[in-house]
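S.K.: Let's see this in three dimensions:
(2 chains)
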Amino acid sequence: MASRIKTIGGMLRRGEITSLELTKKYLEAIKAVEPSVHAYAKVTEDMALNLAMEADEAFKRGDDLGPLAGIPMSLKDNMTVKDVETTCCSKILSGYRPTYNSFVWEKLSKGGAVLLGKANMDDFAMGSTCETSCYGPTYNPYNKNYVSGGSSGGSAASVASNTAVYSIGSDTGGSIRQPAAFCGVVGLKPTYGAVSRYGLLAYASGLDQIGPIASSVEDAAIVFDAIKGHDEKDHTSAKNAPAEPIASSLAAASVKGKRIGIVKSFYEDLNAEIKEAVFKAVKFYESEGAEIVEVDMPLIKYVVPVYYILACAEASSNLGRYDGIRLGYRASRYTDIDDMIVTTRSEGFGKEVQKRILLGTYVLSSGYFDAYYKKAQILRNRIIASFGEIFAKCDAIISPVATRTAFPLDYASDNPIETYLADIFTVPANIAGLPAVSLPCGKDSKGLPIGMQLIGNKFEEGKILGLAHSFEQSGLSGVTPLEMGVRL
Amino acid sequence: MKYEMVVGLETHVELSTKSKIFCSCPTDFGGEPNTHCCPVCTGEPGTLPILNKKVLEYAIKAGLATNCEISRSTHMDRKNYVYPDLPKAYQISQFDEPICKEGYIELDSGRRIGILRIHMEEDAGKLVHEGGYTYVDYNRGGVPLIEIVTKPDIRSIDEAREYLEKLQLILRHIGVSDCKMQEGSMRCDVNISIRPVGQTTFGTRCEIKNMNSLSFIEKALAYEFARQVDLVESGQAVEQETRRFDEVSGTTESMRGKEDAQDYRYFRDPDLPQIEVSEEIIERIKAGLPELPRQKQARYTTELGLPATESALIIKYKNIADYFEKAVAAGASPKNACNLIVTHIFRNFATEEEKEKFALPITPEMLAELIKLLDGGKITANIARDTLTKMLASGKPCTDFLTASDLASVDPAEVDRLCKEAIAANQKAVADFLAGKEIALKAVLGYVMKATRGKANAAEVEAKLISLIKG
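M.R.: Just a heads-up that it's a prediction; the model follows:
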């Protein structure tokens, strides 16, 4: 898979195309593709054209703003861009225009990025199908009867349908990796603290992490290099993370001698097509000289409950501020201030969000705190410790991204528990704050992409992206870009 | 039956850091509504708190000055509740690991009022009700607070007042808060129960919220004590509840009962890291602490030889104590400096607040120049007072007002002559004095003092007069 970013970057620098021409092509592609995919919550056409012209000006002056200069992209609708409506695809935030830029947009815009629009997502990032968005679902570009995945479904679908060169998503329990897998693209959830959360509308503060979705491992690395780094506005932002760029060292990365862990129990009840696809990659690594190590993850059965307790608890607190007083939606009929707040929240939040707020409120209540929240924290610490033992034995863990390929539309709402449990392979990296990359490794019998995941130790994005790059370059996945969107 | 009150106080104190606890907005009091605000302190979605290190330092200072243990490892928690003045719908506070614990403040009686804990938190905004609407002003939102919680050790209204005055004094001395109750930078929640004297178990307590003046606290305690005694005497039970003090009637009324108590769903704030406090930091802060009021009082009475009551008056206001010490450092005798400040300079300030500010047009060094002349017998106390009045009115040094004759000492021969003249001119007073009416001598003394414009030494003149009269 070639780097789209490098290809386009070369064309821009050689003057074969201007950013304005390119941006117009993307805006036209969005018009053509959106009716069947609906990856965007909002298209920022005027802003995109202006940013493209600014990028062209910079090129003309000889200012090279970096690898992302002049390149059109999409940003998940839970990150702020000053004065651009940011809603988390929730009715309760309708009309909210932030007064400040998120750290990630600030960095990208300084690097000359061209924002095409805000990508669709599940209501407040709560969901794994992109169907809970107040703007309606994003469809899977491979087959519109299936979901794009979530919560960063719009981001993944915009990249898969090439209506954005790359996208920025966020991942709390798999929200970058699972839609990337469902849509046949690459998604990186960086180490917790590697990318500043300032300006990311919080779902679960201790688990949320921003990362790239791109059409190749190299592109994901280029974008990650551009958005990582310490931010003094985020206390949880890492101060001593490795600063050197990863993208330029991918080609030299070697599989030989790497120890790759597999967890046997993951495959016991797993869908055969997914198992086969992941094992194809395992065999590839083995043939390239990697050592395949069996590792044990006995706590895996707790990760989904621990995740839902911690995430919902934090969400119940983080979402308390949406009360109709200062910003966003306000109910039109109410009797007094308490009724105004209650009615606004009942009308403004979607069903899934309300369910999680109730669950989170319950687990933090006095009398239940010790039984749920405290216990979940203890388990979280044990899970973190267990990864310490695992990474003493291997360099990376290989696993499926999800227990299945994309859900059919409307399936998840009737099968909530199955949908929650489908996150079992992605959630551990959030609980332990580890980096993990998702990339295509095959297709199922319906032609839907299958994703594999590589989980690394803290701040070892370079290692897992190197391994991912090697497999991608082998061409064994059989997943090739769709003939959609912009063709250059 | 005789009852005693059992009182515990929760005092909220605004810290006087320049910027807010989680952003760099100014903490200045007042200002146009919503002008000292940023996306962080208005709780705009996506913003994150950054702990102001000064707040931690000030809280540790307060803990050290009140004999607390300082936590080596602590964190911030979220206290969740919905109210329009709280834009995030949670207050960042501390729950299970307060920065300071187990301290005390010692009263003059020697009784120690235990301090259970001191924790850091952010203040909320302010609601303004006007013309049927309610407006929110977030200028105060995010101003750093510490909450100082005592053990139920206070047994009387006097002890409650003394504890609060001492706390105020300590916090002002170490410079962490101005503790102005009238501006809301010091507020108090009062917990009170009663029990028969001699009983060791506690009664059911009531909490009176948001008291903002010492006299209200005294009134509320008196009312609540009487109310609870009445209830118990008449065989009824005191309900555990939160009550409100009515400033007009001087009574308290129920706000909410125990069953309506809020569940704050405390949990550790995931946006903020564990706070590690090293031994070095504590030692550095300890070394930088100024002399505390109790130490100062001891030094003033033992080393400087000042009377306890007068030194207490000076220590009561940090700015005055500082001024006094500078004057002494510039060469003034402590006794005369203290005297002039307490008897003369104090008169220039009508209110407590003015005394706290202690804005004077003359420097302590200028005062010291005057006092040195008095100390050396170059001028009399009367002249010193008159000159000081002129200095305070003009801001000019004493040398601008003292004339050659002020500075010239009175010739002893002249005093002799004047004494004789005085006796001759006040025969009736002399006769009265000889008849045993000692006060009559004052008239004779006054004659001499007036004639020398106060420059003669009154004690010497009095002795001379007695010897002349009794001859």
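
S.K.: Just the pLDDT at residue B:408, thanks.
M.R.: On pLDDT, residue B:408 comes in at 65.

S.K.: What of residue B:457?
M.R.: 76.

S.K.: can you check residue A:151 too?
M.R.: Note on residue A:151: pLDDT of 97.

S.K.: residues contacting it?
M.R.: With contacts defined as C-beta atoms under 8 Å, 6 or more residues apart in numbering or on different chains, the neighbours of residue A:151 are A:121, A:122, A:125, A:126, A:127, A:128, A:130, A:170, A:172, A:175, A:179. Backbone N, C-alpha and C define where each C-beta goes, glycine included.

S.K.: ok, and the closest non-adjacent residue to the residue nearest to the spatial centre of chain B?
M.R.: By C-alpha atoms, centre = their mean, chain B has its centre lying nearest to residue B:169, at 3.9 Å. Leaving aside its sequence neighbours, residue B:169 sits nearest to residue B:293 (C-beta to C-beta, 6 or more residues apart in numbering or on different chains; 4.9 Å).

S.K.: show me the contacts for that neighbour.
M.R.: Contacts of residue B:293 (C-beta under 8 Å, 6+ apart): B:166, B:169, B:170, B:173, B:315.

S.K.: follow-up on the earlier one: among the contacts of residue A:151, which ones are in strands?
M.R.: Judged by DSSP state E, the subset of the contacts of residue A:151 located in strands is residue A:170.

S.K.: tell me which of the contacts of residue A:151 is nearest to chain B?
M.R.: Lowest distance from chain B to these (C-beta to the nearest C-beta) belongs to residue A:170, with 11.1 Å.

S.K.: pretty sure that closest one is touching residue A:77, no?
M.R.: No. With contact defined as C-beta atoms under 8 Å, residue A:170 does not count as touching residue A:77 (10.1 Å).

S.K.: list the buried ones in stretch B:110-122?
M.R.: Within stretch B:110-122, the residues scored as buried using 16 or more other C-beta atoms under 10 Å in any protein chain shown are B:113, B:114, B:115, B:116, B:117, B:118, B:119, B:120, B:121, B:122.

S.K.: Same question for stretch A:437-445.
M.R.: Within stretch A:437-445, the residues that qualify as buried by neighbour count (16+ other C-beta under 10 Å) are A:437, A:438, A:439, A:440, A:441, A:442, A:443, A:444.

S.K.: TSV for those, including distance to residue B:103?
M.R.: Putting the buried residues of stretch A:437-445 into TSV (distance: C-beta to C-beta, whole Å) gives the following:
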residue	distance to residue B:103
A:437	52
A:438	53
A:439	58
A:440	62
A:441	62
A:442	65
A:443	68
A:444	66
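
S.K.: Keep only those of those that are in helices.
M.R.: For the buried residues of stretch A:437-445, not one is inside helices, with DSSP state H as the criterion.

S.K.: What's the nearest residue in the stretch 351-488 of chain A when you look at chain B?
M.R.: residue A:364 (3.8 Å).

S.K.: I'd say that residue and residue B:264 touch.
M.R.: No. Contact criterion C-beta under 8 Å: residue A:364 and residue B:264 do not qualify, at 9.2 Å.

S.K.: follow-up on the earlier one: Serialize the contacts of residue B:293 to a markdown table and add fields for secondary structure.
M.R.: Converted to a markdown table, these look like this (DSSP: H, G, I helix; E, B strand; the rest coil):
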| residue | secondary structure |
| --- | --- |
| B:166 | helix |
| B:169 | helix |
| B:170 | helix |
| B:173 | helix |
| B:315 | helix |
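
S.K.: Could you list the domains of chain B?
M.R.: Using automatic domain parsing, the domain parsing of chain B gives B:3-281, B:291-407, B:412-470.

S.K.: out of those, nearest to residue A:423?
M.R.: Set against residue A:423 and scored by C-beta to C-beta, those come closest in domain B:3-281, at 19.7 Å.

S.K.: tell me the mean pLDDT over that closest one?
M.R.: For domain B:3-281, mean pLDDT is 95.

S.K.: For the biggest helix by length in chain B, which helices and strands make contact with it?
M.R.: The residue-count maximum for a helix in chain B (DSSP H) belongs to helix B:214-233. Applying 3 or more C-beta pairs under 8 Å, 6 or more residues apart in numbering or on different chains; DSSP states H and E, one finds that helix B:214-233 contacts strand B:3-14, helix B:157-173, strand B:186-196, strand B:206-211, strand B:241-246, strand B:251-257.

S.K.: Go again with 6 Å.
M.R.: Under the contact criterion of 3 or more C-beta pairs under 6 Å, 6 or more residues apart in numbering or on different chains; DSSP states H and E, helix B:214-233 touches helix B:157-173, strand B:186-196, strand B:251-257.

S.K.: Run through the residues of the stretch 251-400 of chain A sitting next to chain B.
M.R.: The stretch 251-400 of chain A has residues A:314, A:317, A:320, A:321, A:325, A:364, A:365, A:366 near chain B, with proximity defined as C-beta under 6 Å from any C-beta of the partner chain.

S.K.: Of those, which pair is most distant in space?
M.R.: Farthest-apart pair in these is A:325 and A:366; separation 26.6 Å (C-beta to C-beta).

S.K.: the more surrounded of these two?
M.R.: It is residue A:325, of residue A:325 and residue A:366, that has more neighbours when counted by other C-beta atoms under 10 Å in any protein chain shown, with 17 against 11.

S.K.: now the more buried one, nearest residue through space, not along the chain?
M.R.: Once flanking residues are discounted, residue A:325 sits nearest to residue B:84: 5.5 Å by C-beta to C-beta, 6+ apart.

S.K.: State the distance from residue B:166 to residue B:446.
M.R.: 44 Å (C-beta to C-beta, to the nearest Å).

S.K.: of those two, who's got more company?
M.R.: Between residue B:166 and residue B:446, residue B:166 has the larger neighbour count (other C-beta under 10 Å), namely 18 against 14.
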